[in-house]
Structures are given as C-alpha cells and as structure tokens.
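K.L.:
model this:
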Amino acid sequence: MTGGPAQPDAGSAREVFGAFLNLGLMSFGGPIAHLGYFHREFIERRRWLDEAQYGHLVALCQVLPGPASSQLGFALGLIRAGWSGGVAAFLGFTLPSAVLLLAFARLLPMLGTTAGQAAIHGLKLVAVAVVAQGLMLMARRLTPDIPRLLIAAAAGALVVVGASAGAQLCAVGMGAVLGMLFCRQAPGAVTAAFPLRYGTRAGFAFVILFAVLLALTFAADHAQAPLTKAAGAFYRVGALVFGGGHVVLPLLQEAVVAPGWISTNDFLAGYGAAQAVPGPMFSVAAYLGARLEGGAAGLAGAAVSLLAIFLPGLLLLAGTLPLWQAISRRAAALSASAGINAAVVGLLAAALYDPVWTGAVHATVDFVIVLVGFTLLAATRTSVLVVIAWCVFASAARAAWST
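P.N.:
Got it, this is the predicted structure:
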C-alpha cells in the first residue's frame, strides 16, 4: 500500500450500531470466527480501515485481558464514530446474545421435566465438544514450539493442583516470565498507525480507572447487597481473563459456582446455551446474573453482571490504544505476550477437564455423543448449530430409551 494508513471518513453512531447489530445476530462460531466476520465486513466491504491497521488492532486485543472480539468491535466503532460509535458497536454486537441468554435463564425453571433435563444435559455435552475444539485450535496457533508447549503444560498443571483463581493468576504471570526467557523468537506485532480522537493523557486516565475499580472489587466481596458482590466478582473476571472466549470458563466457575451462587448444573447448562447464540461468549454473564439467588436477581442481575464483565476490557482497550504503537515494538513485550498466550492454552485445558468434562460426561454414551460432536466441528467444519441439535437430540433419545 502506498502512502500513509487510510484515514476513514467520520461515521455516525447509527451507522455503527446497524453494522454491529447485524453481526450480533449472525456471528456464530466464537471469538476467532468473529475476527473473520469483522475483517469481511469492515475491511473488505466497508473499508473503514486497511489491512495493516486491522492487524494492529487484532494484535492489541489478543494481548489484553478481556473479550478480544468485543474489544476489537469497540475499537472499530471508536475509530469510526468516536465514543458514541464505540458504545454503539458494543451494544449492537452484545444485545442479541444477551437477550437470548436472559430468556433462557427465565425458561430454565420450566425445564424440570425429563425431556427438559435431557435437553440441558445435551447442552453440557455441547460445551465439552466446543471447548475441546477451541482448545485444539488455540493450541495449534499459540503453542507451535516446544517452549510454549511446556509453558502450557506447566500452567495447566498449576491450575489443576491449585484449583483457585489465585492459581490461574500465578499461571498467567508464570507464562509472562517464561515467555520473556524462552520465547524470544516469537513473531512481532503489527505496528501500523491509525487515527484516534484522544491522546495518551486520556489513555492513562482510563487505565487508572480500570485499576481503581479492580481494587474496589475486593471491598465489594464484603458488601451486604448481593448485586454489589456480583458486580465485583464479574468485574474481576473480566479484568483477569486472558484469551477471552472459552478461557473465561474457569474464572466464571470460580466466581459463581465456588461460593454457591449458582449450581454446577445451571452453570454448565448456561455455558452450553451460550454456544447456541451468536455474538460474544461473555454474554453468558447475562444468564448467570439472572440466575443469581435462584433466579430472583432477574433483569437487574443480568444487567449488572453483563456491564461488570465487559467494562474492564473496554477500559483497558481505550486506555492502551494511544500507547500500543510504542509498546508493541519492544521485543520483551512480544515475548511476554507469547508466554501468556501459551499459558492460556494450559488454562483452557484445565477447564476442559474440570468442570466441563467432569460435569457432563458420566457414561460411555456421553463420551460417544461428545466424540461425534467434536468430530463434526473439527473434521467437517460443521456449524455449531448442527452440533447443538445433535447433542440435544442424542441426549433426549437416550433419556427416552432409558424410561
């Protein structure tokens, strides 16, 4: 490309909202697939940015904790139409999945019949197949050599043995340190420039706000109001999860299942249902928030949990955008990022074992159902909707045969 990077014409929040609402209604397949949807829509079709600028944004969102595809969407809206564009992109992309999962939370108490429980069990089996395929894809991309494979193995072992959010944080920190020591040949990040409507001073303010709110979440743990506790827990999850997508599973499990707010069965049912809707995986917070206190939290719980889990990632993205070009040139930052990404693979492997596998696969027939679902996803590129239909149908057929 000749000359400097493209300077997109100013757009409107309405334009951004419409584009992202369309994607929020159709973007199945998880965060990696979302990057492809965004590229096709905003680089090839609408030409809001060029290839180098898009790669620059993708690199930043992969390094930061939080939901990578939602952060990328927020950045695209922010660059296109300013702050109102960033908010419009987030709302358009998130609302469809959030509304669908809130509806599922309301319907869950009606699923106490044998058929309903079989359908819920089928959704748990979907989660096993989808997480296994996600792990395979991430491992291929993020652990292509022996040093990173060993980092992933060490991180997974640490999480399995430690079985706590603290162990997960230690695993991520260990990945960063080992990455700087042993991943010095990691490929570099794109360093193209792109237009922004604010500078580094505002960026630092967002990073400080992110840190202050994170510190306040520990005080929220001792609050009396359940929604205040939930806000703190979900904010902490959004602030500390690297890799987004399926990697949020172990932190969410620690946040809502371990303290007894939500049962393991309800948690896995919601996670399975999240595979059936388009948009970001983090929207499962709407379901979990609505199910707090046995479903009594309802719409308020869904709104608080949804905002809390997305807010830290968006604050970090806004804060680091003006600083990223300089940071991304440093070899140490690239190596640490490679180590963190490898550790994320280990975290996901640990989550696949517990709670996903242990909570869903209880018999040989469950294993067969999962194996077929995984094969459809991994070997035939079948839509996840077909896999959902297979797992739910097979689970229901098994229940009918047993009665």
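K.L.:
quick one: secondary structure of L196?
P.N.:
Under DSSP: H, G, I helix; E, B strand; the rest coil, L196 falls in the coil class.
K.L.:
show me what contacts it?
P.N.:
78-79, 321-322 (Cβ atoms under 8 Å, 6 or more residues apart in numbering). Using the backbone N, CA and C atoms, a C-beta is placed for each residue, glycine as well.
K.L.:
redo that, cut-off 7 Å
P.N.:
Listed by Cβ atoms under 7 Å, 6 or more residues apart in numbering, the contact set of L196 reads 79, 321-322.
K.L.:
can you tell me how far it sits from L35?
P.N.:
21 Å (Cβ to Cβ, to the nearest Å).
K.L.:
do the same with S383
P.N.:
18 Å.
K.L.:
Please apply the same query to L377.
P.N.:
Using Cβ to Cβ, L377 is found at 18 Å from L35.
K.L.:
Go ahead and confirm F267 touches P259.
P.N.:
No: F267 lies out of contact with P259 (Cβ atoms under 7 Å); the separation is 12.0 Å.
K.L.:
More neighbours: the two, which one.
P.N.:
Set side by side, F267 and P259 show more neighbours around F267, with 24 against 11, by other Cβ atoms under 10 Å.
K.L.:
For the helix or strand hosting that one, list the C-alpha coordinates in PDB.
P.N.:
F267 is part of helix 264-274, with elements assigned from DSSP states H and E. What follows is helix 264-274 as a C-alpha-only set of coordinates in PDB (Å, rounded to 0.1, in the frame of the first residue of the first chain):
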ATOM      1  CA  THR A 264     -22.700 -26.600  38.600                       C
ATOM      2  CA  ASN A 265     -25.600 -27.900  36.600                       C
ATOM      3  CA  ASP A 266     -27.100 -24.500  36.000                       C
ATOM      4  CA  PHE A 267     -23.700 -23.100  35.200                       C
ATOM      5  CA  LEU A 268     -22.900 -25.700  32.600                       C
ATOM      6  CA  ALA A 269     -26.400 -25.500  31.100                       C
ATOM      7  CA  GLY A 270     -25.900 -21.800  30.600                       C
ATOM      8  CA  TYR A 271     -22.500 -22.300  29.100                       C
ATOM      9  CA  GLY A 272     -23.900 -24.800  26.700                       C
ATOM     10  CA  ALA A 273     -26.700 -22.400  25.800                       C
ATOM     11  CA  ALA A 274     -24.200 -19.800  25.100                       C
END
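K.L.:
buried sites along it?
P.N.:
For helix 264-274, a neighbour-count test (16 or more other Cβ atoms under 10 Å) marks 265-274 as buried.
K.L.:
With stretch 51-62 instead?
P.N.:
53-62.
K.L.:
what does stretch 314-332 give?
P.N.:
314-322, 324-325, 328.
K.L.:
same thing with stretch 65-85?
P.N.:
Taking 16+ other Cβ under 10 Å as the criterion, stretch 65-85 shows 65-82, 85 as buried.
K.L.:
who's in contact with the residue nearest to G66 when sequence neighbours are not counted?
P.N.:
Setting aside the residues directly before and after it, G66 is nearest to G313 in space (Cβ to Cβ, 6 or more residues apart in numbering), at 2.2 Å. By Cβ under 7 Å, 6+ apart, the contact set of G313 is 64-67, 70-71, 238.
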